[in-house]
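>>> Quick one, what's the 3D model for this:
(one chain, ligands or ions: 1)
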Amino acid sequence: MAKKELTKKVTTHTLLNMKKNGEKIAMLTAYDYSMAGILDDAGIDVILVGDSAANVIHGYETTLPITLSQMISHASGVIRAVNRAMVVVDLPFGSYQGNSIVALESAIRIMKEAEAHAIKLEGGKEIVESVERIISAGIPVMGHLGLTPQSIYKFGTYTVRATKAAEARQVVSDSKALEKAGCYAIVLEKIPSQLGKLVTKSVKIPTIGIGAGKHTDGQVLVTHDMLGITKDFSPRFLRRYANLYDSMKNATRKYIRDIKSKDFPNNKEAY
Ligand code: KIV
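Numbering: from 1, shown residues only. Okay, here's the model as predicted:
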């Protein structure tokens, strides 16, 4: 029997039980087969094929330009590498805001063409109809509140959201609306720690924070930031666990040097 069939997979129920049992959820992004294989092998619970691929893979300044077809291409590589983790794929900007039928069609393409396990979309009350329609087709939905990067031109800045009472109240009521609509988890991005705590207590579904403090049920980071592959992005919430930018650059320099000095390949490395 294939290894894939033997592994106990992370599902929406697993995540709900983790919240109930106080076990924190670990989530990271991946956009390709090789990286997803490493994260899954390490035991990550959830892999997000985030539209942050627009930034870290395609080099765009915002997440807005990435297309649904590009997201599907990234996601299908990720899915082929994964045995255990739940794979969630972002619906990119423009693929769901039109109306709930457009949203469902986009979600179905991701599930069918990439064989993903769930989708994520950004927003609160304004996307409830889409969330309900997608879930009614049997597709699990993760919400995303706080700093929602697809709305960057509305916000005008990437600074922390919901520091004022009115916006904080909105985040709480949007969380409840997403839970009621059937979302199985919610990402909370760049909001005050105390608001992260309040939302986490206010809903039964897991909250997964990025810059939302320590009280959320789980944490997510962009893997390229966490591993130090990117080097110019240093928000307060980011903990770097490696400095792969320098490691990879030094290895590349050594490779170049070995070729130029005729050290590579040697006789053992030839046929
Ligand atoms: O696209 C992404 O990587 C995300 C995370 C920052 C949560 O949405």
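
>>> For the stretch 1-150 of the chain, which segments count as strands?
25-29, 46-49, 86-90, 118-120, 141-146 (DSSP state E, counting those that start in this stretch).

>>> Point out the most buried one among these.
Highest mean neighbour count among these (mean count of other C-beta atoms under 10 Å): strand 46-49, with a mean of 29. C-beta coordinates here come from the backbone N, C-alpha and C atoms, glycine included.

>>> so how far is the ligand from L178?
Separation of L178 from the ligand (C-beta to the nearest ligand atom, to the nearest Å): 15 Å.

>>> In space, what's closest to that residue - neighbours in sequence excluded?
The shortest distance from L178 to any non-neighbouring residue, by C-beta to C-beta, 6 or more residues apart in numbering, is to G143 (3.9 Å).

>>> In CSV, list the strands of the stretch 1-150 of the chain along with distance to T62 and mean pLDDT.
Output for those, formatted as CSV (distance: least, C-beta to C-beta, whole Å; pLDDT from 0 to 100):
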stretch, distance to T62, mean pLDDT
strand 25-29, 16, 99
strand 46-49, 17, 99
strand 86-90, 13, 98
strand 118-120, 17, 98
strand 141-146, 15, 98
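
>>> Save these as TSV, and put in distance to the ligand too.
Putting those into TSV (distance: least, C-beta to the nearest ligand atom, whole Å) gives the following:
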stretch	distance to the ligand
strand 25-29	5
strand 46-49	6
strand 86-90	5
strand 118-120	7
strand 141-146	6
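
>>> Give the buried residues for stretch 135-142.
I135, I139, P140, V141, M142 (16 or more other C-beta atoms under 10 Å).

>>> got the CA positions of it in CSV?
Extracted in CSV, the C-alpha atoms of stretch 135-142 (Å, rounded to 0.1, in the frame of the first residue of the first chain):
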residue,chain,number,x,y,z
ILE,A,135,-19.5,25.4,1.4
SER,A,136,-22.9,24.1,0.0
ALA,A,137,-20.9,22.6,-2.8
GLY,A,138,-18.9,20.6,-0.2
ILE,A,139,-15.8,22.8,-0.3
PRO,A,140,-14.2,23.8,3.1
VAL,A,141,-13.6,27.5,3.4
MET,A,142,-11.0,29.3,5.6
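
>>> For that stretch, give me every contacting residue.
Stretch 135-142 is contacted by residues 12, 88, 104, 107-108, 111, 117-121, 131, 134, 181-187, 208 when judged by C-beta atoms under 8 Å, 6 or more residues apart in numbering.

>>> Also stretch 236-249?
Taking C-beta under 8 Å, 6+ apart as the rule, stretch 236-249 contacts K190, I210, G211, L221, D225, M226, L227, G228, I229, T230, K231.

>>> show me what contacts the residue in the chain that the ligand sits nearest to?
Per C-beta to the nearest ligand atom, G50 is where the chain lies closest to the ligand, at 2.4 Å. G50 makes contact with T29, Y31, D90, K120, V222 under the criterion C-beta under 8 Å, 6+ apart.

>>> and which of these is nearest T63?
Of all these, T63 sits closest to D90, with 8.1 Å by C-beta to C-beta.

>>> Serialize the strands of the stretch 1-150 of the chain to TSV and add fields for distance to G196.
Output for these, formatted as TSV (distance: least, C-beta to C-beta, whole Å):
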stretch	distance to G196
strand 25-29	14
strand 46-49	18
strand 86-90	19
strand 118-120	18
strand 141-146	9
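
>>> so which of those comes closest to S173?
strand 141-146 (10.3 Å).

>>> where does that closest one sit relative to the chain's centre, distance-wise?
10 Å (C-alpha atoms, centre = their mean, to the nearest Å).

>>> tell me the angle of it relative to strand 86-90?
60 degrees (axes from the mean of the first three to the mean of the last three C-alpha atoms, to 10 degrees).

>>> between strand 141-146 and strand 25-29, how many degrees?
80 degrees.
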